[in-house]
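Undergrad: Sequence and predicted structure, then a few things I'm wondering about:
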Amino acid sequence: MTGADAFLRNDSWLAYQFNCPCAGDGIIMAFRREMCSTDSLQVKLKGLEHNATYEILDNNTGKVLIKSGEELSCGFTIFLGEKRNRCS
């Protein structure tokens, strides 16, 4: 989602989307690197059915959002207010 150029940079986000259509689920893994100054990242999810409804669970906060595939394909904001260092 963020591209290979962000992989080695310590001042950027890294985000990956993994879909498992046969199980009807997937995961987004997003990392805010320790020198990254922005607390949010806009991502566009791929491989979704526009008319389907999706449940998004934020593992950090426990909050659940319900969005359509069309909404998520247009853009979804991931927020991590606090940076973490390599060991936490």
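TA: Sure, I can see it. Numbers count the residues shown, from 1 in each chain.

Undergrad: Next, count neighbours for the residue nearest to Thr38 when sequence neighbours are not counted.
TA: With CB to CB, 6 or more residues apart in numbering as the criterion, Thr38 has its nearest non-adjacent residue at 7.4 Å, and that residue is Trp13. Glycine gets a C-beta too; all of them are placed from N, C-alpha and C. For Trp13, the tally of surrounding residues (other CB atoms under 10 Å) stands at 21.

Undergrad: repeat for Leu48
TA: By the criterion of other CB under 10 Å, Leu48 has 20 neighbours.

Undergrad: helix or strand for Ser73, which one?
TA: With secondary structure defined by DSSP states H and E, Ser73 is part of helix 69-74.

Undergrad: who touches that helix?
TA: Helix 69-74 is touched from outside by 44-46, 48-54, 56, with contacts defined as CB atoms under 8 Å, 6 or more residues apart in numbering.

Undergrad: which of those residues are buried?
TA: 45, 48, 54 (16 or more other CB atoms under 10 Å).

Undergrad: Among the contacts of helix 69-74, name the ones in strands.
TA: Of these, the ones assigned to strands by DSSP state E are 53-54, 56.

Undergrad: one step back: go through the buried ones among the contacts of helix 69-74 and name the one nearest Leu65.
TA: Closest approach to Leu65 among these (CB to CB): Tyr54, at 8.6 Å.

Undergrad: for the closest residue in space to that closest one that isn't next to it in sequence, helix, strand, or coil?
TA: Spatial nearest neighbour of Tyr54, excluding adjacent residues (CB to CB, 6+ apart): Lys67 at 5.6 Å. Here Lys67 is recorded as strand under DSSP: H, G, I helix; E, B strand; the rest coil.

Undergrad: looking at it, Lys67 is touching His50, isn't it?
TA: No: look at Lys67 against His50 with CB atoms under 8 Å: they stay out of range, at 11.3 Å.

Undergrad: okay, now the residue lying closest to Leu48 once chain neighbours are set aside: neighbour count?
TA: Distances taken as CB to CB, 6+ apart place Gly69 nearest to Leu48, at 3.6 Å, with adjacent residues excluded. Using other CB under 10 Å, Gly69 has 16 neighbouring residues.
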